[in-house]
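Sequence first, predicted model second:
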Amino acid sequence: MQPETRQKIEALFEQYPEKRGALLPAIYLVQAEQGWVSAEQAEALAELFDLKPIDVWEVLTFYNMFYTSPQGRHHVYVCTNLPCSLRGARGLLKQIEAHLGIRAGQTTEDGRVTLGHEECLGSCGTAPVLRVDGRYCENVDAQEARRLVDALE
Amino acid sequence: MITTPQITGYLSEHYAADANHTLAGYERAGGFKAVKKALKMKPADVADLVKESGLRGRGGAGFVAGLKWTFMPEKSDRMKVLVCNADESEPGSFKDRLIMERGPFAILEGILIAAWATGAEKTFIYVRGEYALPIERLRAAVDEMRAQGYLGTKLFGKKGFDHEIVVHSGAGAYICGEETGLLESLEGKKGQPRKKPPFPAQYGAFGLPTTVNNVETFAHVPYIVDRGVEWFRGFGTERSPGTTLFGVSGHVERPGLFELPLGTPLRELIEHAGGCRGGRAIKAVIPGGVSMPVLPPSDLDVGMADELLTERGTHLGTGGIMVMDETTCMVRAACVISYFFRDESCGQCTQCREGTGWINKICRRIEAGRGSDDDLALLDSVPAMMEGGTICAFADAAAWPIQGLMRHFRADFEAHVREQKCPFPESFEL
C-alpha cells in the first residue's frame, strides 16, 4: 500500500463511529492503485483496520465493484436486467462480444477492455445502458456501443 | 446525460433549472425555509406533523415515515444517527438517482428536519457505488452546506442543534438496499441482513439508535413542513398521500419519470409514456419494480397506491412500472428476473440461497424446450417454500414475481413444455 493511500484512509477514520466503517471507502482507495486488490494489499488493509485478513477478503469478494484479479485498462458493462433486456440489451451485449472477440467476464488479449454484464443500473428510462469506466452511457444502440468501445485506448 | 421528468410536480418542479443542484439555486427556489420553520417547533411536534401528513416511505415498504421517527429513543446517552438509503437497485426504479442528481438539497434539508425531530447528530447517506454522478452531486452539496454553516454546530443559530452528513459509497450489492443489510455494509462488513428485533431504532448503525429513510422520503419532508399537512393530503389517496416519481420503462414509446399523485391509474401512466410501442397490445405490466407480482392487461384500471394494488395481489413497491407488449415471452421474463435474484441472494438463508438458483435453473430449462410437468409443479412449490421464512424480505421478493407470472401467465409456461420450444419467436432476445 502506497503511503499516500494509507494517509487518505487514515483521514477517513474520524467520519465513522468505528474505524471499520471506513473499510469500503478504503478498499476503493487501495483498488485505485492498480485497478484491483491483491492478497498482499488485503493483508495490509487488515493490519491497518486491526482485522483478520479473512475479514477483509470476505468483504472484497462480496461486492461486485471490488476486483481480486487483474482487470483490463477499461471496464465496459452492459445492464442486462429486465427493463434493458426488453429494449434489446442482450442483443447489444452479443454484438459487443463479437466486436471485441471476447465473452462477458473476459478481458481482451491486449488488456485493453474487460467486458461484463451488470444487474439493474437505475437507468431504465434510458435503456439500454452501458457503464464505461464508471460513466453511464444511455440510450445506446449497436453503432454507438461500437464507437464507445473503439474510443477506449 | 441527465433527463428530467416528463411531468413535474412539487418535488421536481425545478429539476430542469441549470442550478437546482447548487445551494444558490435551491435557495432561490425557496430552499431551507422549511428547516427554519421546523426549528421554531418542538422536535416532537415536527415528527407529529410528518406523521399526520401520512407520508409513507418511498423505498418500497411504504411504512409511515413520521411514525418511524417516533421509534427513536427520546433520551439516549449514545449518539443517534440517521441513514439515508440511496442504494436504489430495484430493477425498474430510477427515481432516486434523478432526485440526487437534480434536487440533492431537498434530500439534505429533509435530513436536517428529521435530525431536529429525532435528535440525530449524524447522517450517513449510503449511495450505491455505481451512482457516480449522484455521489459527486451529494458530496458537492454537503461541502456547500458546510461552507455556508448549514452543517456543523449551532445550525441556523439554534443552540444544541448540531449535525454532520457523510456520503458513503456502496460497492455493488442489491441486498444493501435492505435496511439492515445496508447497516452491516456501512459498518464495513458483508451486506448480510440482520435478524429483527432488535430494530434499527434500538440497535442500528454501529449499534447506535438509527432511523433509515429512503432518498425520496426525505425529499418530500421540506415541502410538507413548509406547506402543511392539508396541502400534502390534497395529493394522492387517503392512505397514500402525496406525489411520487413514477418510472415507466420497457415497451413504451417514451420511457421516463412522471411525478403524479399516488393513486393515478396505471393506464394513465402508460398513456403519458406514449402507450405501448408500435401500437402493439400490452401483455403484462410489473407495477413496482421486479419484486412485485405482474399484472395482466385487465388490471390496468388499478390506481397506483399500495392499498389499491394489494387488492390485485401486488404492491406499489418503488413505483417502477415495466410494460411488456404482446410479443413478450413470460418464461424469458422469468429467466431474467430469477437470474437477478440468484445473483443477488446474500446466501445466509438456505431456502433463499438454494431456492433462487433452483427457480432460475427450472425457468432456463423450460425456455430451452426441455421442461416437464414436474418443472411446472416445482415452480409452484419452490417459491411457496421460500416465502416468509427467512431473515429478510429478499426471499419473498424473489418468490413473488414467479408466483405472479404463474398466476397470470401459466399458459406461457405450459406451451413451452407442450411444444418443447419457446413459442414466442418475436420476444426480446435472451
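That came through fine. Fair warning: this is a prediction, and the values are worked out from it, not measured in the lab. Numbering: from 1, shown residues only, chains lettered A, B, ... in the order given.

Tell me which stretches of chain A form strands.
Ranges of strands in chain A, per DSSP state E, are A:74-79, A:113-118, A:130-132, A:135-137.

Mind listing what's buried along stretch B:134-153?
Neighbour counts using 16 or more other Cβ atoms under 10 Å in any protein chain shown place B:Pro134, B:Ile135, B:Arg137, B:Leu138, B:Arg139, B:Ala141, B:Val142, B:Glu144, B:Met145, B:Tyr150, B:Leu151 of stretch B:134-153 among the buried residues. (C-beta placed from N, C-alpha, C; glycine too.)

Shouldn't the fifth one be within a strand?
Read it as B:Arg139. No - counting by DSSP: H, G, I helix; E, B strand; the rest coil, B:Arg139 falls outside a strand, being helix.

B:Val166 is in contact with that one, correct?
No - between B:Arg139 and B:Val166 there is no contact under Cβ atoms under 8 Å: 9.7 Å.

Same list (the strands of chain A) but as TSV, adding distance to A:Arg147, mean pLDDT and mean neighbour count.
Shown next, in TSV, are the strands of chain A (distance: least, Cβ to Cβ, whole Å; pLDDT from 0 to 100; neighbours: other Cβ atoms under 10 Å in any protein chain shown):
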stretch	distance to A:Arg147	mean pLDDT	mean neighbour count
strand A:74-79	12	98	24
strand A:113-118	14	98	21
strand A:130-132	11	98	21
strand A:135-137	10	97	17
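
Name the helix or strand for B:Ala395, please.
Using DSSP states H and E, B:Ala395 falls within helix B:394-419.

Which elements pack onto that helix?
strand B:282-286, helix B:330-344, helix B:350-367, helix B:373-386 (3 or more Cβ pairs under 8 Å, 6 or more residues apart in numbering or on different chains; DSSP states H and E).

which stretch among those comes nearest chain A?
helix B:330-344 (4.9 Å; Cβ to the nearest Cβ).

Any part of the closest one near chain A?
Yes - under the criterion of Cβ under 8 Å from any Cβ of the partner chain, helix B:330-344 makes contact with chain A via B:Ala333, B:Val336, B:Ile337, B:Phe340, B:Asp343, B:Glu344.

quick revisit: okay if I get the strands of chain A as CSV plus distance to A:Gln106?
Below are those laid out as CSV (distance: least, Cβ to Cβ, whole Å):
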stretch, distance to A:Gln106
strand A:74-79, 11
strand A:113-118, 6
strand A:130-132, 16
strand A:135-137, 20
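
need the residues of the stretch 201-350 of chain B near chain A, please.
Residues of the stretch 201-350 of chain B lying near chain A (Cβ under 8 Å from any Cβ): B:205-206, B:208, B:247-251, B:255-257, B:286, B:290, B:320, B:322, B:324, B:328, B:333, B:336-337, B:340, B:343-344.

Mind checking which of those are buried?
Buried, going by 16+ other Cβ under 10 Å: B:205-206, B:208, B:247-251, B:255-257, B:286, B:290, B:320, B:322, B:324, B:328, B:333, B:336-337, B:340, B:344, out of those.

burial count for the residue of the stretch 301-430 of chain B found nearest chain A?
The nearest approach of the stretch 301-430 of chain B to chain A comes at B:Glu429, 4.4 Å away (Cβ to the nearest Cβ). Neighbourhood size, B:Glu429 [other Cβ atoms under 10 Å in any protein chain shown]: 12.

Might you report the residue contacts of it?
A:Ser85, A:Gly88, A:Arg90, A:Gly91, A:Lys94 (Cβ atoms under 8 Å, 6 or more residues apart in numbering or on different chains).

Please apply the same query to A:Ala89.
A:Val78, A:Cys79, A:Thr80, A:Ala127, A:Pro128, A:Val129.

repeat for A:His74
Residues near A:His74 by Cβ under 8 Å, 6+ apart: A:Arg112, A:Val113, A:Thr114, A:Val132, A:Asp133, A:Leu152.

and the gap between the second one and chain B?
When distance is defined by Cβ to the nearest Cβ, to the nearest Å, A:Val113 is 18 Å away from chain B.

Retrieve the pLDDT associated with whatever residue of the stretch 201-350 of chain B ends up closest to chain A.
Closest to chain A within the stretch 201-350 of chain B is B:Ser249: 3.7 Å, counting by Cβ to the nearest Cβ. pLDDT for B:Ser249: 98.

any idea which element it lies in?
When elements are assigned from DSSP H and E, B:Ser249 belongs to strand B:243-250.

Residue 63 - nearest residue in space that isn't next to it in sequence?
I went with chain A, as the question did not name one. Distance criterion Cβ to Cβ, 6 or more residues apart in numbering or on different chains; nearest residue to A:Tyr63, sequence neighbours excluded, is B:Ala171 at 3.6 Å.

sorry, should have said chain B
Once flanking residues are discounted, B:Phe63 sits nearest to B:Gly57: 4.8 Å by Cβ to Cβ, 6+ apart.

That neighbour: neighbour count?
Neighbours of B:Gly57 under the rule other Cβ under 10 Å: 19.

swap in A:Pro3?
Residues lying near A:Pro3 (other Cβ under 10 Å) number 7.

Contacts only, for residue 121.
No chain was given, so I picked chain A. Contacts of A:Leu121 (Cβ under 8 Å, 6+ apart): A:Tyr77, A:Cys79, A:Cys84, A:Val129, A:Arg131, A:Tyr136, B:Glu130.

Not quite, go with chain B.
By Cβ under 8 Å, 6+ apart, B:Glu121 lies in contact with B:Met79, B:Lys80, B:Val81, B:Ala115, B:Asp162, B:His163, B:Glu164.

so which of these would you say is closest to chain A?
Once Cβ to the nearest Cβ is applied, the member of the contacts of B:Glu121 that ends up nearest chain A is B:Met79, at 6.9 Å.

what helix or strand is that closest one on?
Counting by DSSP H and E, B:Met79 is found in no helix or strand.

Pretty sure it sits against B:Thr210.
No - the criterion here is Cβ under 8 Å, and B:Met79 misses it with B:Thr210 at 10.0 Å.

between the two, who's got more neighbours?
B:Thr210 (28 against 15).

Show me where chain B dips below the pLDDT cut-off.
B:1-2 (pLDDT under 70).

Give me the residue at the spatial middle of it.
B:Gly59 (3.1 Å; Cα atoms, centre = their mean).

Next: chain A.
Centroid-nearest residue in chain A: A:Met65, 4.1 Å away (criterion: Cα atoms, centre = their mean).

which residues touch that residue?
Contact analysis of A:Met65 by Cβ under 8 Å, 6+ apart lists B:Gly129, B:Glu130, B:Ala171, B:Gly172.

hmm, which of these are the buried ones?
Buried members of the contacts of A:Met65, counted by 16+ other Cβ under 10 Å: B:Gly129, B:Glu130, B:Ala171, B:Gly172.

which residues touch the closest residue to the last one other than its chain neighbours?
Right, B:Gly172. Spatial nearest neighbour of B:Gly172, excluding adjacent residues (Cβ to Cβ, 6+ apart): A:Asn64 at 3.2 Å. Going by Cβ under 8 Å, 6+ apart, A:Asn64 touches A:Glu118, B:Ala171, B:Gly172, B:Ala173.
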